[in-house]
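Student: take a look and give me a structure for this.
(chains A and B)
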Amino acid sequence: MRRISSVRLFCVFVFSFLLLGYFCTSGCKNPFKTRNSPQPVIREGTWETPASPEIVIQNLLHAYNEKIIGNFIQCLCDSFAFSARVDSIDAVDKGLPELFANWDRSVEISVTTSIFNTSRQNPDSFDYVVSFLSNHPPDEVGDTLAVLSRNYELFISDSKATPPETTFAKGTATFYMRQTSFSWWSIYFWSDIPAEAGKDDWADFKAQFKQ
Amino acid sequence: MDCTCVSAKNQIHYFLSKMTKPVFLLLIILSILSLEDAFSAQLRLDFSQDNRTYIWNTSLDCGRETNPGLSWGFSSAINSMLIKRSVFSANQDRWQEDGKINLNLDYTLTSRLKIGALFSQNINSLEKRKVTSSEYGITTEYSISGIRFVQIIGGKDIDRRLKEGKRKDSGFNHRLEISHSPYLLSESVTRISFSQTSSQLSNIPLLERDFSIFFAKNFSEEDSLEFSYREAWSKKKFFWGDLTDSQINTQRRTQRVINLRSSTQVPFDIRVKFDFDLVSSGYKYSWEQESHSPGLTDNFSNSQNFILKIKRQFFKRLSLGSFYKYLETDEDYADDQKDQKMKNGELGGNLQVKISEKDSLYFTTSIGVTSFYTPEVSAWFNDRDILTLFAWGEYLHVFSPIFSLRLEGGFRNFNQIYISNRLSANNNHNQTYVISPTLIWRPHPNLNFKQNYNIQANYIYYDYEKSIESTKNRLFRRASSNTSINCLLTPRVSFIFGYIYKYEDYGQLIWRDQWVQKPSWERRTHTFSLSMKYMPAKSWVFSPEYTYQKRRSWDHSMIAEKKMRTLTDKFYRNMLSLSCKYFIDDRNYISLTGARRVQKSTLSCKESSDFVSVSVNRVF
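Tutor: Now for the predicted structure:
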């Protein structure tokens, strides 16, 4: 065996000591133990195996309306990105050019968690419903890649605003999906355009919750 | 009829007027390029059409350093998008253009002092809405005793022309950068930098400060240490609401980041790596009016994560590794009930072994739990644990230099547990099993056969509905056979033939001492493809490809205790594509791709789609 110098041994010892100190003070997480949960009192939540691209966007729609973040997260790929190219001009105009930039999976989860929480905590004052319209461009579904566009309507009511506001956002959401071994179909790119330039769309609604 | 002609003429005029600007710009640029002494440049032109969406991307970068000490650089990028009027809506065609131009000029006065000028312009336009921002300034760069000072003094203009009206902002712009790379220890790098940017715009001023320290040292071949610290602060104003009724609000942002990367070799030849990150950030908002967005509230977040890895090699045949990952985040929304804490712990390992000259094995596994903790009100719907168990293995056996077998298989369990009784009905196990053998046979250097089989199954069962016949418990299965034959006829002509057969079924999962499936539907797909690669000359490649797909779907039902299988859909797809490429090398080429796809289903009418893309890349 190669001889190890005393200086290196000392460094390794100090390093291990600091590491141990950090573990003790900061704490770790047991990777095997989960908490218990009580019997359900109500049954809500709709989610299916994303065996086809159509099921993914149905899962996303249900997760959005039922406000269940766990189900929403399962619709997204690790390399997810969101784009609102048409809305970006409004962001530049407002002095927030970075508003839609670098909108990745973590931003999407943070924004959506904030939307769900705000609505769940204020059910009497803030709520929304999103629905996909039946008329939409033809789906492009390949073996591992798919592109589905859906025209949507988003109805938002905010009675805490002065005066109380109801917003009706319309646009087209295009979902680019890929199929992987364990995650089946999931969305890797979501682009959104408003039905009319300058009018509210889903991206504007989401952007209100981006910190 | 006249009306149609006028409309068509207007449209052509609109197209031409939109295209004139980039073409005119390109001509100016090319005229600069054609001057003697002009230098290194890269030009890229891309066009793609996908049904109703047309996209043009153009970029040009060039620069030159001339004697004595004079240098200039130019870069531009223009992205245009046209969305043609949809048959589903009464909207007009939508044009959008984003462009940016940067021009800089530098002159070295002495070895320590450099002066220069810069100009940049960003244009964002959408139909009749246009936002133009310009920045210009004089730069000074001075170095003394290893300390570098860079200062930019200039101005900034933002011009907004929207349908609702106009809005202009202009003001003084100043940027200061100080950086120093002191020599502290041998085999080490140290950098300290500070920067401040100030834009004194009349309506929405901006002030940013950034400070960072970086240190890296290699103690020996095995031991290294890297440390960085960054602190950033900014205060900016921004508009909110419509142009006609907008308010100006203020955002204050603070951020602190610490990163540590270390690596060492401990006794018994065990290699240890430890990475640590600490990030802290805060956003504070002040509003002109009480009414504002429900989403934007003061918030602070802290996160820390570390990963500890150990690795050991045995006899140059076996490599064994293990890791532990920890991540913790804490989000605080001041007076809001949206606070959330998250803790994640993951333990994993991998094994790589060369059993013999013909056999090798790779195996990786991990188990982890992510817990979300929320305040009392949010806990009704956000407190949850997620347990993920993952395992993946690959085994390779080489029968002979021309024949080999690769066997892959894996398992993933995703267990979601909501802690509140309002959502615990969603607690479920989502398990996926995969096995996939592949045979590769190369009977001749110009002939290659590949046969792959793939079997997958996904079980989803809900924790509180396992004992009842719940429709939420489901099984999805998929099996496929993928055959490909690659034949090189001559050095310039090759063919690839492919055939994929895929079977899928889906149904309810019922617990009868073990899981049994009650099928709901099944689907069988056949896909044939034939492609050719033809090189008529050294720099030309033609690649035509034809694909045919046939898919049939059946529904399963029980009628009078008799199993019924009904054909519900027949789907056919034909796709023909042609790709042509002329290339000098990897950086200089022109490529053209076109495809036509026609598909028909008993559930929908015949659809045809066209796709076109053109790319030009030229390095001067």
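
Student: all helices of chain A, in order?
Tutor: Assignment of helices within chain A using DSSP state H yields the ranges A:6-26, A:53-66, A:69-73, A:88-94, A:105-121, A:202-207.

Student: of all the ones you listed, which one is nearest B:Phe239?
Tutor: For B:Phe239, the closest of these is helix A:88-94, at 4.3 Å, according to C-beta to C-beta. Heads up, the C-betas are built off the backbone N, CA and C, glycines and all.

Student: follow-up on the earlier one: can the helices of chain A go into CSV with extra columns for mean neighbour count, mean pLDDT and distance to chain B?
Tutor: Converted to CSV, the helices of chain A look like this (neighbours: other C-beta atoms under 10 Å in any protein chain shown; pLDDT from 0 to 100; distance: least, C-beta to the nearest C-beta, whole Å):
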stretch, mean neighbour count, mean pLDDT, distance to chain B
helix A:6-26, 12, 69, 5
helix A:53-66, 20, 93, 9
helix A:69-73, 20, 90, 5
helix A:88-94, 23, 79, 4
helix A:105-121, 20, 89, 5
helix A:202-207, 23, 91, 8
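
Student: to B:His180, which of these lies closest?
Tutor: For B:His180, the closest of these is helix A:6-26, at 27.5 Å, according to C-beta to C-beta.

Student: so what's residue 144 up against?
Tutor: You didn't pick a chain, so chain A it is. A:178-179 (C-beta atoms under 8 Å, 6 or more residues apart in numbering or on different chains).

Student: should've been chain B
Tutor: B:Arg112.

Student: repeat the analysis, applying 10 Å as the threshold.
Tutor: B:112-113 (C-beta atoms under 10 Å, 6 or more residues apart in numbering or on different chains).

Student: show the model's pLDDT score for it.
Tutor: You'll see B:Ile144 listed with a pLDDT of 89.

Student: quick one: it from B:His180, how far?
Tutor: 10 Å (C-beta to C-beta, to the nearest Å).

Student: do the same with A:Pro194
Tutor: For A:Pro194 relative to B:His180 (C-beta to C-beta), the value is 49 Å.

Student: compare neighbour counts for the two and give me the winner.
Tutor: Using other C-beta atoms under 10 Å in any protein chain shown, the more surrounded residue of A:Pro194 and B:His180 is A:Pro194, with 22 against 15.

Student: isn't that one up against A:Phe168?
Tutor: No: counting by C-beta atoms under 10 Å, A:Pro194 sits too far from A:Phe168 to count as a contact (11.6 Å).

Student: any shared contact partners between the two?
Tutor: Residues touching both A:Pro194 and A:Phe168 (C-beta under 10 Å, 6+ apart): A:Asp200.

Student: what sits against the residue lying closest to B:Lys237 once chain neighbours are set aside?
Tutor: With sequence-adjacent residues excluded and distances taken as C-beta to C-beta, 6 or more residues apart in numbering or on different chains, B:Lys237 is closest to B:Ile204, at 4.2 Å. Going by C-beta under 10 Å, 6+ apart, B:Ile204 touches A:94-96, B:158, B:169, B:171, B:236-239, B:248-250.

Student: list just the nearest of those residues to A:Phe126.
Tutor: B:Asn249 (19.8 Å).

Student: got phi/psi on that closest one?
Tutor: Note on B:Asn249: backbone dihedrals following degrees, to the nearest 10 are phi -120, psi 170.

Student: for chain A, what's the nearest residue on the stretch 451-600 of chain B?
Tutor: B:Phe476 (4.3 Å; C-beta to the nearest C-beta).

Student: shouldn't that residue be in contact with B:Tyr433?
Tutor: No: B:Phe476 lies out of contact with B:Tyr433 (C-beta under 10 Å); the separation is 11.3 Å.

Student: identify the contacts common to these two.
Tutor: Counting by C-beta under 10 Å, 6+ apart, the residues touching both B:Phe476 and B:Tyr433 are B:456-459.

Student: of those residues, list those near chain A.
Tutor: For chain A, the contacts drawn from the shared contacts of B:Phe476 and B:Tyr433 by C-beta under 10 Å from any C-beta of the partner chain are B:456, B:458-459.

Student: let's have those residues in CSV, adding secondary structure.
Tutor: Shown next, in CSV, are those (DSSP: H, G, I helix; E, B strand; the rest coil):
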residue, secondary structure
B:Gln456, strand
B:Asn458, strand
B:Tyr459, strand
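
Student: who wins on neighbours among the contacts of B:Ile204?
Tutor: A:Gly95 (25 neighbours).

Student: quick check: that residue vs B:Glu135, distance?
Tutor: Taking C-beta to C-beta, one finds A:Gly95 at 14 Å from B:Glu135.

Student: pick out the residue of the stretch 301-450 of chain B closest to chain A.
Tutor: Closest point on the stretch 301-450 of chain B to chain A, by C-beta to the nearest C-beta, is B:Gly345, at 2.8 Å.

Student: tell me the contacts of that residue?
Tutor: Applying C-beta under 10 Å, 6+ apart, the residues near B:Gly345 are A:27-33, B:324-328, B:367-371.

Student: recalculate using a threshold of 8 Å.
Tutor: B:Gly345 makes contact with A:28-31, B:324-326, B:368-369, according to C-beta under 8 Å, 6+ apart.

Student: low-confidence stretches in the stretch 501-620 of chain B?
Tutor: Along the stretch 501-620 of chain B, the model assigns pLDDT under 70 to no residue.

Student: strands along that one, start to end?
Tutor: B:515-534, B:540-559, B:562-585, B:588-601, B:604-619 (DSSP state E, counting those that start in this stretch).

Student: just so I know, which of the ones you listed lies nearest B:Ser71?
Tutor: Set against B:Ser71 and scored by C-beta to C-beta, these come closest in strand B:604-619, at 19.0 Å.

Student: direction included, what does the closest one pair against?
Tutor: strand B:40-50 (antiparallel), strand B:588-601 (antiparallel) (DSSP bridges).
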